[in-house]
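>>> any chance you can model this:
(chains A and B)
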Number of protein chains: 2
Amino acid sequence: MLILRKIAEVRQWVQEKKKQGLRVGLVPTMGYLHEGHLSLVRAARQENDLVVMSIFVNPLQFGPREDFATYPRDLARDADLAERAGVDMIFAPEGEEMYPYYPQDTTVQVARLAEGLCGVSRPGHFTGVATVVTKLFMIVLPERAYFGQKDYQQFLVIKRMAADLNMPIEVRMVPIKREADGLAMSSRNTYLSAEERRQAVCLVAALRLCKERFEQGENNSERLIKAMTARINREPAAQIDYIKICDADTLEEMSRIDRPVVVALAVYIGKTRLIDNMLLNTDVMKNV
Amino acid sequence: MLILRKIAEVRQWVQEKKKQGLRVGLVPTMGYLHEGHLSLVRAARQENDLVVMSIFVNPLQFGPREDFATYPRDLARDADLAERAGVDMIFAPEGEEMYPYYPQDTTVQVARLAEGLCGVSRPGHFTGVATVVTKLFMIVLPERAYFGQKDYQQFLVIKRMAADLNMPIEVRMVPIKREADGLAMSSRNTYLSAEERRQAVCLVAALRLCKERFEQGENNSERLIKAMTARINREPAAQIDYIKICDADTLEEMSRIDRPVVVALAVYIGKTRLIDNMLLNTDVMKNV
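Purely as a prediction, here's the structure:
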């Protein structure tokens, strides 16, 4: 498995492979890999001849008081995991390679989809994501790119962006991977103390409670959110950022579940902000 | 010469040509071709195996009180001129093909370069330009794209955008083409009455006056702009939007010419807004 640091090297590698008619799947990550990332690699392997993983902690998507500096990084460990999962090439650029001057003048902005949910408490976040993903798409020019359902709003934003800008790239979503107790896998889980880790299960517990009530016939969003709120507030370290029930395509808030929806939440456990979500009324539901 | 209307057809055509190892030059236009456009085609011919011209009057770059509805259109005439100049394929989409819903959610924004000059009187204009050019770049995936110096700020914005987003596309500028009396060629010149057309020469006359004074040793921007203002104000139909002397790379306003600059102006002649510019202190100067 190759590890490349320079954009020009990546372009050359990809160009040679494409001349041979090989199709490339891209898995963009910020590193510190877990089983969720590796499931993206496996999905990419199935549909492409080659898998490229980018590992880049993108400063443009972090707010000034967020965890850019402390975000966990371990390229040696990531390279080992990626190679065993079947990655052919890792693109791991330095900050100056991606942003010769910072912040760069050009940004890609997605209205509407980027405005609610995490867009409220993380202004500029999705512009940072859309911009860096565009850059990675332009550098690698993959046939397909893979994103995890855990960042469901991010997936929708990227999919919308690729369609609106006519990018010749298929944007694919892979279901959430969970720990044994149900906690959605995240590089940020490493921030949690043992006690916080125990309490963090309240996110998925609330989602499962919602699903259960919905399957019993409750479709009123306010009542479902009230039940989820009560479940999360049982944990002393938990502080809710948001709990929303939204149209699964447009992210419009729904007062009643009468179409496929995403139940999405963001909760602080101590100082660590965690997100999770569940799709209701669709096949993906069974993944929770 | 082919005329294609659908994005999927264009992708297929380009893909086949690229498989044969042919390189594509793109000339994005809004149609109603004149010698300026044709000089872009000739530049593209010299550096590529195939030349694609897009013809699309992009609503996203027009303000609500601008001339989108009345912008001149004549595809039959354009096709004839393009074919004779050596265009291999025209992409002339309908509005709904480029914008299945309008306005689309995703935009490409370029800070700083897009803010001064025409960005002041045409808010949103360069976002519309950057967005549609990104779309055209993604549809055609050319090796090179060609823009006229007459829209100098546009050229800088597109070049910055392509660099910032790592687009694998070389952005090239071709010097201004002028009528016999010096008026910069523009599709909007057709709006002018005979009397306005006569007065419109004041734009290039002011630029030439500026060049002359500069070559005589005057490098104070205020005095140069004052002389240009006086020249333009001699024409009763002329109303100045702006006259600026800016760093030729950053478009920062310069109080003194001590580096390569662009002298840029926008002037209403009657109801028609015309622009023109001149580079000073560089080789391109001799094109005026």
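>>> what does the stretch 151-288 of chain A have sitting close to chain B?
Within the stretch 151-288 of chain A, the positions adjacent to chain B are A:160-161, A:164-168 by Cβ under 8 Å from any Cβ of the partner chain. Using the backbone N, CA and C atoms, a C-beta is placed for each residue, glycine as well.
>>> one more time with 6 Å
By Cβ under 6 Å from any Cβ of the partner chain, the part of the stretch 151-288 of chain A that sits against chain B consists of A:160-161, A:164-167.
>>> again, but for the stretch 1-150 of chain A
Counting by Cβ under 6 Å from any Cβ, the stretch 1-150 of chain A comes close to chain B at A:104-112, A:134-135, A:138-139.
>>> by neighbour count, which of those wins?
Neighbour counts for those were taken using other Cβ atoms under 10 Å in any protein chain shown; the highest belongs to A:V108, which has 29 neighbours.
>>> three-state assignment of it?
Classification of A:V108 using DSSP: H, G, I helix; E, B strand; the rest coil returns strand.
>>> surely it meets A:T131?
Yes: with contacts counted by Cβ atoms under 6 Å, A:V108 reaches A:T131, the gap being 4.9 Å.
>>> same list (the residues of the stretch 1-150 of chain A next to chain B) but as JSON lines, adding pLDDT.
Conversion of these to JSON lines gives the following (pLDDT from 0 to 100):
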{"residue": "A:Q104", "pLDDT": "97"}
{"residue": "A:D105", "pLDDT": "97"}
{"residue": "A:T106", "pLDDT": "98"}
{"residue": "A:T107", "pLDDT": "98"}
{"residue": "A:V108", "pLDDT": "98"}
{"residue": "A:Q109", "pLDDT": "98"}
{"residue": "A:V110", "pLDDT": "98"}
{"residue": "A:A111", "pLDDT": "96"}
{"residue": "A:R112", "pLDDT": "95"}
{"residue": "A:T134", "pLDDT": "98"}
{"residue": "A:K135", "pLDDT": "98"}
{"residue": "A:M138", "pLDDT": "98"}
{"residue": "A:I139", "pLDDT": "98"}
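>>> widest-spaced pair of the residues of the stretch 151-288 of chain A next to chain B?
With Cβ to Cβ as the measure, no two of these lie farther apart than A:R160 and A:N166, at 12.2 Å.
>>> more neighbours, these two?
A:R160 (22 against 18).
>>> the strand or helix carrying A:M53 pairs with which strands, and in what direction?
In this structure, A:M53 is located in strand A:50-55 according to DSSP states H and E. In the sheet containing strand A:50-55, the strands it pairs with under DSSP bridges are strand A:24-29 (parallel), strand A:89-91 (parallel).
>>> for the first one, the averaged confidence score.
Looking back up the chat, that one is strand A:24-29. Averaging pLDDT along strand A:24-29 yields 98.
>>> just the C-alphas of that strand, formatted as CSV.
Below are the C-alpha coordinates for strand A:24-29, written out as CSV (Å, rounded to 0.1, in the frame of the first residue of the first chain):
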residue,chain,number,x,y,z
VAL,A,24,-11.2,4.2,-8.3
GLY,A,25,-13.3,4.4,-5.1
LEU,A,26,-12.4,7.2,-2.6
VAL,A,27,-12.9,7.1,1.2
PRO,A,28,-12.3,10.6,2.6
THR,A,29,-11.5,10.4,6.3
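>>> after that strand comes which helix or strand?
Remark: after strand A:24-29, the chain's next helix or strand is helix A:35-47, criterion DSSP H and E.
>>> now swap in the shortest one and tell me
Of the helices and strands lying after strand A:89-91 in sequence (DSSP H and E), the nearest is helix A:95-98.
>>> CA atoms of that following helix as CSV?
As requested, the backbone C-alpha atoms of helix A:95-98 are provided in CSV (Å, rounded to 0.1, in the frame of the first residue of the first chain):
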residue,chain,number,x,y,z
GLY,A,95,-2.0,21.3,5.8
GLU,A,96,0.1,23.5,3.5
GLU,A,97,-0.3,21.0,0.6
MET,A,98,-4.1,21.4,0.8
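>>> how about that helix: buried residues?
Using 16 or more other Cβ atoms under 10 Å in any protein chain shown as the burial criterion, the residues of helix A:95-98 that qualify are A:97-98.
>>> quick one: average pLDDT of it?
Across helix A:95-98, the per-residue pLDDT values average to 98.
>>> now do stretch A:36-49
pLDDT averaged over stretch A:36-49 equals 98, rounded to a whole number.
>>> same check, this time on stretch A:261-269
Across stretch A:261-269, the per-residue pLDDT values average to 98.
>>> next one: stretch A:64-82
Summarised as a single mean, pLDDT over stretch A:64-82 is 96.
>>> can I get stretch A:175-195 as CSV, trimmed to CA atoms?
Provided in CSV are the C-alpha atoms of stretch A:175-195 (Å, rounded to 0.1, in the frame of the first residue of the first chain):
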residue,chain,number,x,y,z
PRO,A,175,-24.7,2.3,7.4
ILE,A,176,-23.5,3.2,10.9
LYS,A,177,-21.2,0.9,12.7
ARG,A,178,-21.8,0.5,16.4
GLU,A,179,-19.9,-0.8,19.5
ALA,A,180,-21.3,-3.9,21.3
ASP,A,181,-23.5,-1.7,23.5
GLY,A,182,-24.8,0.3,20.5
LEU,A,183,-22.7,3.5,20.7
ALA,A,184,-22.1,4.8,17.2
MET,A,185,-18.4,4.4,16.4
SER,A,186,-16.5,7.8,16.2
SER,A,187,-12.9,8.9,16.5
ARG,A,188,-14.2,11.4,19.2
ASN,A,189,-15.3,8.5,21.4
THR,A,190,-11.6,8.4,22.6
TYR,A,191,-12.3,11.7,24.4
LEU,A,192,-14.7,10.0,26.8
SER,A,193,-13.7,9.0,30.3
ALA,A,194,-14.8,5.5,31.4
GLU,A,195,-17.9,7.0,33.2
